[in-house]
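In: quick one: sequence plus predicted model below, questions after.
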Amino acid sequence: MEIGEFNASIRSAINFFVEQDLWRSTVYEISLPRSMEFNKLNLTTKDYTAVYDRGLSLSHYNLLLTDFSYFQFSHMSPSEYALAYYPNPRLSGSPEAIEFYRDLEKERDEGLLSDEEFSELLTEIPSKIFIPRVRFEYSGSQYRNVQHPGAHFHIGMSGEDRWPSARKLSPKSFGLLMAKFYFPSTWWQHSRFSRPDDEQHLHLADCLDNKLLSSIRLDGVSQFFSDDEKMGFHFAALQGPPA
């Protein structure tokens, strides 16, 4: 994926989250610059909360969502790029924690809490990590048949797990996938699959699942995926007849 396409896809991902009322702020609308401080910590610890907090404090992300989860989209070359989703270890995936945060935010806005009291109470929300970090990497230089898939996912903090993918993913497709799996209440109200079977054909145009498939189709297949890997377990898409 060329850098121009990559950056355009980042902007499309941002627009999607704005449209879904999940967006909080944007730092970079283009490929994320390197941060030596963040990368050093990321490579030397398995403490997810520490890594997440460092990225947040450095504003080392492309976009921040309403629950303070964030995305990092990094492009090194057409055959080398990485996409990462960092959920908030205290809020993401916990309706109770999010409700508690919103109550505190309301009290601060109404003057019942000072900014200092608000920040102090936020630090007391326990870090439970309901949702894992998800990272997608596409790398031709690191590809080794079966041992190191060219396109793969890391789920969690192991770093040694490489879940192979038959397809490339763009920032937009990756963002939509994370929204589908980790913001279900938003996703399913805009999916035709939440409708009765006999009504689904009426909602093709505005169906998020269809938009996701269209984006994945444009991304194309991995150029580093062997017949040996096709025989094994892997992530794929567009295997059936078109909708």
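Out: On my side now, so go ahead.

In: on contacts alone, who are the packing partners of the helix or strand of the chain with the lowest mean pLDDT?
Out: For the chain, counting by mean pLDDT, DSSP states H and E, helix 115-123 ranks last in confidence among helices and strands (a mean of 85). Counting by 3 or more Cβ pairs under 8 Å, 6 or more residues apart in numbering; DSSP states H and E, the packing neighbours recorded for helix 115-123 are helix 95-109. Every C-beta, even on glycine, is put in place using the N, C-alpha and C of the backbone.

In: who are the packing partners of the helix it packs on?
Out: Using 3+ Cβ pairs under 8 Å, 6+ apart, the elements in contact with helix 95-109 are helix 115-123.

In: and the contacts of the helix or strand just after the helix it packs on?
Out: Moving toward the C-terminus from helix 115-123, the first helix or strand encountered (DSSP states H and E) is strand 134-139. Around strand 134-139, the neighbours that count as contacts under Cβ atoms under 8 Å, 6 or more residues apart in numbering are 1, 79-85, 150-155, 165, 168-169, 174, 178, 222, 224.

In: in its sheet, what does strand 134-139 sit against?
Out: Strand 134-139 pairs in its sheet with strand 80-86 (antiparallel), strand 151-155 (antiparallel), by DSSP bridges.

In: and that strand, what's its mean pLDDT?
Out: Mean pLDDT, computed over strand 134-139, is 98.

In: next: stretch 184-203.
Out: Stretch 184-203 carries an average pLDDT of 86.

In: what segments of the chain are strands?
Out: Under the criterion DSSP state E, the chain carries strands at the ranges 23-26, 63-65, 70-77, 80-86, 134-139, 151-155, 163-164.

In: using TSV, lay out those strands together with mean neighbour count and distance to Gln239.
Out: Listed next are the strands of the chain as TSV, based on neighbours: other Cβ atoms under 10 Å; distance: least, Cβ to Cβ, whole Å:
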stretch	mean neighbour count	distance to Gln239
strand 23-26	15	32
strand 63-65	23	30
strand 70-77	20	27
strand 80-86	22	22
strand 134-139	22	19
strand 151-155	20	16
strand 163-164	18	15
